[in-house]
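# Any chance you can model this:
(chains A, B and C)
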Amino acid sequence: MESSSTAQSIHDSLTPVQLDAVNYIDGPLLILAGPGSGKTRVVTHRIANLILRGIPPRQILALTFTNKAADEMQTRLERLVPRQPVWMGTFHRFCARLLRQHASLVGLQENYSIYDTQDSTKALKQAVEVSEIALTHTSLDSIAQAISWAKNELISADTYKARHGSAIGNLVAQIYPHYQRRLLESNAVDFDDLLLHVATLLQENPELRQTLDTRFRYICVDEYQDTNSAQYAIVRALSVDYPNLMVTGDPDQSIYGWRGANLNNILEFEQDYPNVHVVRLEHNYRSTPNILRAADQLITHNLRRKEKSLFTDRDEGAPVRLLTYPSSRDEADAIAEHIATSVESGQRRLRDFAVFYRVNALSRSIENALRVHNLPYRVIAGLEFFQRKEIKDLLAYLHLLNNPNNDVALLRIINTPPRKIGKKTVEQLTIHARRYHLSMLEAARESGLIETLTKRSATAVAKFVSMYDRLALAIEDPLQDLIASLLDESNYRTWLEASESDEDANRLANTEELLTAAKEFDEQFDQEGRLEEFLEQTALVSDTDMLDEEIDRITLMTLHAAKGLEFPVVFLTAVEEGLLPHERSREDSEQLEEERRLMFVGMTRAEDELRISLAQYRDFRGQRNMTVPSSFLSQLPREEMEILEPVLFQDTAFHDDHEAADEWIETEFRNQSSESAAETLDLTTHPDAWEETPSTPQRYPAHLFKVGMIVDHPNYGSGTIVEVRGTAKKRTATVDFFGSAGQRKFRLAHCPLVPAGFDEI
DNA sequence: ATTCGCAAAGTTTTT
DNA sequence: CTTTGCGAAT
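Predicted coordinates:
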């Protein structure tokens, strides 16, 4: 076991290569870790080793990209050497902390707000308005992207120069400074700023840099292949006097280049830090040789990488399968059937299976098939909870309380719930604020002085301000209490309760969830500055962090979301030109390599079985198109794989030949008697066949819904009724959906729920 | 002030 | 087929 406390015994189970990494203490260390090579184990053992050798835990800093990774590391370290105050967390959280302490050095106050992407976009929109530039030929999005790119490259608003002749560049050069000013005036930062500000801080304050370098003498960076230039600069600045820097990563698993990750950081690590010790973890403990060889052969086609030879002790296992289906529906059905069969026979559990796809939109067809087979699943979709309107609303109240300059928050809630403060009124407030350089809240306080406002509007605004002031008195209360008063004072709760819609009933339920989260937080942190801490946490958290691994369900997710995970059986779907590689990546060879890495990551998630599939016809965005198999498929060791040949038109189907397609449908499908084929034909002939039955006013009788009943919902799919409450019009059912929808409440008198199997009304 | 409806566009997303 | 944002109607 790993609970003993001597250096000797805790490392007993490690291989010589792993021990080499664990025992290398001083100086730069690069761990090139292939998929499934026990990297996290090595990292945690090494940190434990540092501690056991007498290095104060406070001098150790471990940086990760996700909270999940940080938690995982923390838990494992806890098992090796309990209760050591090693700072572990994401880059962003680390920077947020540092920035709190040194906010004034970059023109912020310590209670600054962290804008999420949505908030940032709003701020950017305002900046565009102020700069009086008409965005005719570009979108707000591309401006945002350009600014984000610049920040990741450490280019500040002052130093940004448009590339000569770049139209967008010229716009950005004008807008970026306005945007940055808006943020500073609001005492706010965007995600990129967290890194940029800290990097700037370290660059411009040598004494501070030195202090921190000394404080964090031993630094570990996980997933180094995904660091961007800002992160690189931060790590670099903290490793000058004490270059005890350990980075781990795998160039072959770099899939966030589009977000500014710079593959050169890892590729050139050895040049950046002299006397680097390099350890290669090439022993894979996860996959069968079959899977590993296929993945390896694919990735060999990349040029920008470091040679690695992966090996495993496992038995050969099943061959990798390449399965071609006539249509995307057939593909989805086959997956569902395969899973159903092996679960029924007792060979596998639901949680052994994962289905991967390149884009989120592809999950729908899989979901449909799984639903038909009554197979429970979960869709990993990134942000959900904290992006819901009601949660964002309530958090906006808190944000404004914590940082009265947070204009985006004010604009969000000043009329939510409706307070008769409309667009015109807000416009006048904005003008007033800009003229006198006030925050929106300050402007609102002066509503009585604004002549252009009607008396009615001014009163409404004044009422809002006094509500704010009343809430501000409770700012030191436990969060649970604060949010509770917030729900009352703002009329948010009354507003939702008064509503008749199911949607609002659900919102009310989500509100409760936030209260629960706040309660848990209160129990955890019983100190000053609770609110600020809470807001920081919620801003830097994603739903994926709360993933419950215990539940027995099939997992559906994008290839990006799959990184770091493993499953006994993996379905890699829609491996078609245009999707994988994605069409937007096809031109550029660097991007094409990233797509190949994405496929590599997907393949190497599989432990026992890997099933790669594609369809000859794919229904996507309401259209049916003939597909072309992915060019990556020809880069796999086909001779040793099991290949299910396309059912029809092996040759023509590989070209984008519409005439052939029509002919195929005309002649071949008509002669087929198979059910799925018949249905597919129907679809092409009558596109309307997909559409829902037109809704009729008639509903399934409310009193017939019972707890335990399986029901269908047009949007959320199937689920089980877990609770029925209330009477007459207020009779409400709580449904636990099999899919990603989770639990939702419905007023039975007017919701589209029907018992499963109850066809049409 | 709010709601409704239509047009437009639709990788990936650790924070 | 979806989702989302903005403009017109109540």
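# Next SSE downstream of the helix or strand where A:H92 lies?
Using DSSP states H and E, the element containing A:H92 is helix A:91-101. The first helix or strand that comes after helix A:91-101 along the chain, using DSSP H and E, is strand A:113-114.
# can you tell if that following strand touches DNA strand B?
No: Strand A:113-114 does not reach DNA strand B (CB under 7 Å from any atom of the strand); its nearest approach is 8.1 Å. From N, CA and C alone the C-beta is placed, and that goes for glycine too.
# And that strand, what does it pack against?
If you count contacts as 3 or more CB pairs under 8 Å, 6 or more residues apart in numbering; DSSP states H and E, strand A:113-114 packs onto strand A:188-189, helix A:530-539.
# If you average pLDDT over each of these, which is lowest?
For the helices and strands packed on strand A:113-114, the weakest mean pLDDT is recorded on helix A:530-539, namely a mean of 89.
# Not counting the helix or strand hosting A:W495 itself, show me its contacts.
Here A:W495 sits within helix A:492-498, counting by DSSP H and E. Helix A:492-498 is contacted by residues A:390, A:393-394, A:416-418, A:486-487, A:504-505, A:507-508, A:511 when judged by CB atoms under 8 Å, 6 or more residues apart in numbering.
# from the residues you listed, which would you call buried?
A:390, A:393-394, A:416, A:486-487, A:504-505, A:507-508, A:511 (16 or more other CB atoms under 10 Å).
# Including pLDDT and distance to DNA strand B, could these go into CSV?
CSV is the format used below for these (pLDDT from 0 to 100; distance: CB to the nearest atom of the strand, whole Å):
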residue, pLDDT, distance to DNA strand B
A:E390, 89, 15
A:D393, 91, 14
A:L394, 92, 18
A:T416, 87, 9
A:L486, 93, 19
A:L487, 92, 18
A:D504, 81, 11
A:A505, 82, 16
A:R507, 84, 14
A:L508, 86, 16
A:T511, 88, 19
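# May I ask which two of the residues you listed are separated the most?
Greatest spatial distance among those (CB to CB): A:L486 and A:A505, at 19.8 Å.
# got any ranges where the stretch 601-750 of chain A has weak pLDDT?
Per-residue confidence for the stretch 601-750 of chain A (pLDDT under 70) gives these ranges: A:647-704, A:714-715, A:726-731, A:739-742, A:749-750.
# Right, and DNA strand C sits closest to which residue of it?
As assessed by CB to the nearest atom of the strand, DNA strand C sits closest to A:G622 within the stretch 601-750 of chain A, at 2.5 Å.
# what about that residue, distance to A:A361?
11 Å (CB to CB, to the nearest Å).
# Tell me which of those two has more neighbours.
Remark: of A:G622 and A:A361, A:A361 carries more neighbours, 12 against 7, as counted by other CB atoms under 10 Å.
# quick one: contacts for that one?
A:620-621.
# go on, A:S254?
A:225-226, A:261, A:263, A:266, A:594, A:597.
# Tell me which of these fall in helices.
Among those, the members falling in helices (DSSP state H) are A:266, A:594, A:597.
# Run through the residues that contact the first one.
Under the criterion of CB under 8 Å, 6+ apart, the contact list for A:I266 reads A:30, A:224-225, A:227, A:247, A:249, A:251, A:254.
# before we move on, the earlier item: check whether the helix holding A:W495 contacts DNA strand B.
No: judged by CB under 7 Å from any atom of the strand, helix A:492-498 stays clear of DNA strand B, getting no closer than 10.0 Å.
# Can you point out the buried residues in that helix?
A:492-493, A:495-496.
# quick one: average pLDDT of stretch A:232-239?
pLDDT averaged over stretch A:232-239 gives 96.
# follow-up on the earlier one: want to throw the contacts of A:S254 into a markdown table with distance to A:T312 and pLDDT?
Below are these laid out as a markdown table (distance: CB to CB, whole Å; pLDDT from 0 to 100):
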| residue | distance to A:T312 | pLDDT |
| --- | --- | --- |
| A:Q225 | 22 | 95 |
| A:D226 | 25 | 94 |
| A:A261 | 28 | 92 |
| A:L263 | 26 | 92 |
| A:I266 | 24 | 93 |
| A:E594 | 25 | 94 |
| A:R597 | 20 | 96 |
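# can you narrow those residues to ones near DNA strand B?
Counting by CB under 7 Å from any atom of the strand, A:226, A:261 from those sit close to DNA strand B.
# Looking at the contacts of A:S254, which two lie furthest apart in space?
A:I266 and A:E594, at 14.0 Å, using CB to CB across the contacts of A:S254.
# Against DNA strand B, how distant is A:R419?
7 Å (CB to the nearest atom of the strand, to the nearest Å).
# I should have written A:R280 there, sorry.
A:R280 is 22 Å from DNA strand B, by CB to the nearest atom of the strand.
# before we move on, what about A:L473?
26 Å.
# same thing with A:A62?
A:A62 is 14 Å from DNA strand B, by CB to the nearest atom of the strand.
# So, low pLDDT: which residues of the stretch 401-550 of chain A?
A:526-527, A:543-549.
# what about the stretch 51-200 of chain A, any weak spots by pLDDT?
Looking at the stretch 51-200 of chain A by pLDDT under 70, you get A:136.
# so where do the strands sit in it?
A:60-64, A:87-90, A:113-114, A:188-189 (DSSP state E, counting those that start in this stretch).
# Now tabulate those strands in CSV and tack on distance to A:E451 and mean neighbour count.
Shown next, in CSV, are those (distance: least, CB to CB, whole Å; neighbours: other CB atoms under 10 Å):
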stretch, distance to A:E451, mean neighbour count
strand A:60-64, 54, 24
strand A:87-90, 49, 20
strand A:113-114, 31, 24
strand A:188-189, 30, 25
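# of all the ones you listed, which lies closest to A:A173?
Per CB to CB, nearest to A:A173 of the strands of the stretch 51-200 of chain A: strand A:188-189, 21.0 Å.
# what residues does the closest one touch?
A:99, A:108, A:112-115, A:119, A:123, A:183, A:197, A:403, A:405-406, A:408.
# Over to stretch A:523-541?
Contacts for stretch A:523-541 (CB under 8 Å, 6+ apart): A:67, A:90, A:92-93, A:96, A:100, A:111, A:113-114, A:116, A:386, A:395, A:398-399, A:401-402, A:475-476, A:478-479, A:482, A:518, A:521-522.
# and that stretch, is it in reach of DNA strand B?
Yes: if you take CB under 7 Å from any atom of the strand as the test, stretch A:523-541 does meet DNA strand B, through A:540-541.
# Buried residues, that stretch. List them.
Buried, per 16+ other CB under 10 Å, within stretch A:523-541: A:530-541.
# Okay, now that stretch: how far is its last residue from its first?
End-to-end distance of stretch A:523-541: 19 Å, with CA to CA, to the nearest Å as the criterion.
# hang on, the earlier thing: dump the helices and strands packed on strand A:113-114 to a markdown table, plus distance to DNA strand C.
As requested, these are exported to a markdown table (distance: least, CB to the nearest atom of the strand, whole Å):
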| stretch | distance to DNA strand C |
| --- | --- |
| strand A:188-189 | 19 |
| helix A:530-539 | 19 |
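# a markdown table for these, including distance to A:A334?
Shown next, in a markdown table, are these (distance: least, CB to CB, whole Å):
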| stretch | distance to A:A334 |
| --- | --- |
| strand A:188-189 | 48 |
| helix A:530-539 | 41 |
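# closest to A:T15 out of these?
That would be helix A:530-539 among the helices and strands packed on strand A:113-114, by CB to CB, at 37.6 Å.
# Using CSV, write out every CA atom in that closest one.
In CSV, the C-alpha atoms belonging to helix A:530-539 read as follows (Å, rounded to 0.1, in the frame of the first residue of the first chain):
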residue,chain,number,x,y,z
ARG,A,530,-16.0,34.5,2.0
LEU,A,531,-17.9,36.2,-0.8
GLU,A,532,-14.8,37.0,-2.8
GLU,A,533,-13.6,33.5,-2.4
PHE,A,534,-16.9,32.0,-3.4
LEU,A,535,-17.1,34.2,-6.5
GLU,A,536,-13.6,33.3,-7.5
GLN,A,537,-14.3,29.6,-7.2
THR,A,538,-17.5,29.8,-9.2
ALA,A,539,-15.8,31.8,-11.9
